[in-house]
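Visitor: One predicted model, sequence on top.
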Amino acid sequence: MQLFALFALLALAACGGRFGDKQNNKTGLRIVSVSKQLTEIIFAVGGDTALVAVDISSTWPPAAKKITTVGYHRALSPEGIISLNPSVIWDDGNWGPAATIAQLKKVGIPMRQFDGGSTIDSTEQLIRTIATEFHNPRAGDSLCARLDADMQRADSLRKTYAGEPPLKVLVIHFGQAANQYFVLSHRGTQQQMLEWAGAINAADTAQKWKNLSPEVIAAAQPDVILATDYGFDLQGSVEKFKQLPGVALSPAAKNNRIYRIEEHDLVYLGPRTGQNVYNLIRLVHTGKNQ
């Protein structure tokens with residue numbers, strides 16, 4: 001019995017080293033992720049068992065939708081997060097409001113901010129960092145190698161359309177926090193995604209978001225409209241989407257080139273970005289994304 005107890009204590013100690021190191025945010029913590037980018041990477045490196053909650057925008061992979069949500073990452077309330085008794089909150093610096101963050105700090109919930117992920121190089125660094133957090137560096141290396149290969153494959157596909165006039169693409173997003181439509185402008189990851197796809201962003205605005213209006217559509221005259229999933233699904237069909245003010249007058253509507261796209265595939269970089277760029281090229285040029 002003494003020998004068995006000794007082995008049991010050793011096993012427990014080993015688990016504590018890997019899964020219970022709360023000071024260093026290792027696997028086994030009760031993590032609340034308020035970043036869809038971080039959530040996807042956590043799943044990709046096998047750390048999802050540590051998640052007790054995510055923000056409502058964390059919709060990839062599909063399994064993320066089965067995890068408790070704490071609300072929209074910019075409009076969080078402290079009570080829901082505190083009730084989950086998390087060991088740490090993981091964020092990318094883009095969350096709030098400030099009053100909620102202050103309240104969470106006041107009750108002593110640790111927070112871990114991860115920077116980077118705005119370029120392929122920084123995204124790969126972020127992937128490797130999170131993989132190391134879960135003692136799985138091989139997963140990080142594998143994901144980064146796949147990302148590089150997928151980006152090369154996408155670039156090869158883009159070059160096949162290099163001789164054609166670039167298409168003007170308008171990305172329309174329906175915000176979940178406000179009952180308004182927006183066009184995605186020349187700032188942010190979506191701009192980089194369109195450039196990688198060899199397309200031109202038809203939105204004529206320097207703002208990150210701009211309220212959708214008939215005038216915006218008329219001025220843009222997009223060849224293709226990409227409607228993000230939430231807003232497209234709210235309308236229910238392409239025909240109903242065309243009825244939005246100004247949309248029916250666009251070349252995209254007249255030529256039936258309005259396509260549904262998952263918002264999370266456009267607005268942040270992650271392990272699937274190379275494949276997402278490849279799919280985007282096919283969608284913009286052929287109407288197919290598989």
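Guide: Here it is on my side, so go on. Model, not experiment: these values are computed from the prediction.
Visitor: Identify all contacting residues around stretch 161-168.
Guide: For stretch 161-168, the surrounding residues in contact (C-beta atoms under 8 Å, 6 or more residues apart in numbering) are 198-202, 220-224, 281, 284-285. Where C-beta positions appear, they are placed from N, C-alpha and C, glycine not excepted.
Visitor: Export only the CA atoms of it, formatted as PDB.
Guide: Extracted C-alpha coordinates of stretch 161-168, given in PDB (Å, rounded to 0.1, in the frame of the first residue of the first chain):
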ATOM      1  CA  TYR A 161      -5.700  34.700 -62.700                       C
ATOM      2  CA  ALA A 162      -2.900  37.400 -63.000                       C
ATOM      3  CA  GLY A 163      -3.700  38.200 -66.600                       C
ATOM      4  CA  GLU A 164      -7.300  39.000 -65.900                       C
ATOM      5  CA  PRO A 165      -8.600  42.400 -64.800                       C
ATOM      6  CA  PRO A 166      -8.800  42.400 -61.000                       C
ATOM      7  CA  LEU A 167     -12.300  42.100 -59.600                       C
ATOM      8  CA  LYS A 168     -13.700  44.700 -57.300                       C
END
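Visitor: and the two most separated of the contacts of stretch 161-168?
Guide: Q221 and I281 (21.5 Å; C-beta to C-beta).
Visitor: of these two, who's got more company?
Guide: Each of Q221 and I281 has its neighbours counted (other C-beta atoms under 10 Å); I281 has more, 22 against 13.
Visitor: I figured N289 was touching L280, is that so?
Guide: Yes - using C-beta atoms under 8 Å, N289 is in contact with L280, at 7.2 Å.
Visitor: I109: how many residues sit nearby?
Guide: Using other C-beta under 10 Å: I109 sits among 19 other residues.
Visitor: is it true that it lies in a strand?
Guide: No - read with DSSP: H, G, I helix; E, B strand; the rest coil, I109 is coil and lies in no strand.
Visitor: Touching, it and W90? I think so.
Guide: No - taking contacts as C-beta under 8 Å, I109 lies outside contact range of W90: 11.5 Å.
Visitor: Now L147: closest residue in space, sequence neighbours ignored.
Guide: Closest residue to L147 apart from its sequence neighbours, by C-beta to C-beta, 6 or more residues apart in numbering: G274 at 5.2 Å.
Visitor: Pull the distance from the longest strand anywhere in the chain to the chain's centre.
Guide: Taking DSSP state E as the criterion, the chain has its longest strand at strand 168-174. The chain centre lies 17 Å from the centre of strand 168-174; the measure is C-alpha atoms, centre = their mean, to the nearest Å.
Visitor: That one - which strands sit beside it in the sheet, and in what orientation?
Guide: Applying DSSP bridges to the sheet, strand 168-174 is found paired with strand 181-184 (antiparallel), strand 200-201 (parallel), strand 224-228 (parallel).
Visitor: Name the next helix or strand downstream of the longest one, please.
Guide: Toward the C-terminus, strand 224-228 is succeeded by helix 229-235 as the next helix or strand (DSSP states H and E).
Visitor: what packs against that next one?
Guide: Counting contacts by 3 or more C-beta pairs under 8 Å, 6 or more residues apart in numbering; DSSP states H and E, helix 229-235 packs against strand 168-174, helix 238-242, strand 258-261.
Visitor: Would you format the ones you listed as CSV with mean neighbour count included?
Guide: Output for these, formatted as CSV (neighbours: other C-beta atoms under 10 Å):
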stretch, mean neighbour count
strand 168-174, 24
helix 238-242, 16
strand 258-261, 20
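Visitor: got CSV for these, with distance to N94 too?
Guide: Shown next, in CSV, are the helices and strands packed on helix 229-235 (distance: least, C-beta to C-beta, whole Å):
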stretch, distance to N94
strand 168-174, 16
helix 238-242, 28
strand 258-261, 21
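Visitor: can you tell which of the ones you listed is closest to A145?
Guide: Among the helices and strands packed on helix 229-235, strand 258-261 comes nearest to A145, with 26.2 Å by C-beta to C-beta.
Visitor: Distance from the chain centre to the closest one, please.
Guide: Between the centre of strand 258-261 and the centre of its chain there are 17 Å (C-alpha atoms, centre = their mean).
Visitor: and if you look at stretch 133-152?
Guide: Put simply, stretch 133-152 sits 17 Å off its chain's centre (C-alpha atoms, centre = their mean).
Visitor: hmm, who's touching that stretch?
Guide: With C-beta under 8 Å, 6+ apart as the criterion, stretch 133-152 contacts 18, 24-27, 42, 44-47, 50, 120, 123-124, 127-132, 196, 271-275, 277-278.
Visitor: Nice, that's everything, thank you.
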